[in-house]
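Novice: show me the folded form of this:
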Amino acid sequence: MNHQGAYPVIFLTLKDVKEKTWDATYRGIKDLIQNEFLRHKYLKNWTGLEKEEKEYFNKITSLEGSEKDYENSLKTLSLFLERYHNKKVIILLDEYDTPIQSGYLENFYEHVISFMRNFLSGGFKDNTSLEKGVLTGILRVSKESIFSGMNNLGVFTLLSHKFADKFGFTEKEVLELLKAFNLEHLLEDVRRWYNGYNFRGVTI
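Specialist: Have a look, this model is predicted:
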């Protein structure tokens, strides 16, 4: 809890970027990046940004940046946030692999993998403003492919014991929540409604 609210955060979820073409996929990713920059729009009027940096910010938020601008966006926004807050940044990227799967299925894999390789490398490998980053997805992480050259990865799967109790509420936590609202008598109903999962012996 000592870390709660202590860092500037960049959060993107690519879960809905399920398109049939690279153009539509790229537009979807640009929209998400635009929204995240707009969430930090206080930076645009900050005197700590140089003229060129403000122009870059405006290009991203007006959807007029080049593909390279968007590939560098995680790294660049991290830099701006670190300077403004004087704290390194947390990057949370949820379902990073959704557009990659679409690219594979719809035959634009080379386009999407090229973009994502540069996007992720800038944000997670060559980023001196990064405190910690978390990527979630379902594809196996292979350091020989999109993550080539990223030697700072810790890979945790559903079979990793370390986070077995972190994929949802444990049964003990559910019972505590029900007790807090005097609803512990509904535990069996909750079990029936949502049977849950078992990760290495931990019921979630």
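Novice: C-alpha only now, for contacts and for neighbours.
Specialist: OK.
Novice: okay, now the sheet partners of the worst-scoring helix or strand of the chain on mean pLDDT, with direction.
Specialist: Ranked by mean pLDDT, DSSP states H and E, the weakest helix or strand in the chain is strand 198-199, scoring a mean of 81. Paired with strand 198-199 in the same sheet, following DSSP bridges, are strand 202-203 (antiparallel).
Novice: which SSE is residue 137 in?
Specialist: Using DSSP states H and E, residue 137 sits within no helix or strand.
Novice: you'd agree it is up against residue 100?
Specialist: No - at 10.5 Å, residue 137 does not count as touching residue 100 under the criterion of C-alpha atoms under 8 Å.
Novice: ok, the two, which is more surrounded?
Specialist: Neighbour count, other C-alpha atoms under 10 Å: between residue 137 and residue 100, residue 100 has more, with 23 against 15.
Novice: I'd like the average pLDDT over stretch 61-73.
Specialist: The average pLDDT within stretch 61-73 is 96.
Novice: residue 85: how many residues sit nearby?
Specialist: The local packing of residue 85 (other C-alpha under 10 Å) involves 12 other residues.
Novice: state the phi and psi torsions of it.
Specialist: With angles defined as degrees, to the nearest 10, residue 85 sits at phi -90, psi -10.
Novice: surely it touches residue 40?
Specialist: No - the criterion here is C-alpha under 8 Å, and residue 85 misses it with residue 40 at 11.6 Å.
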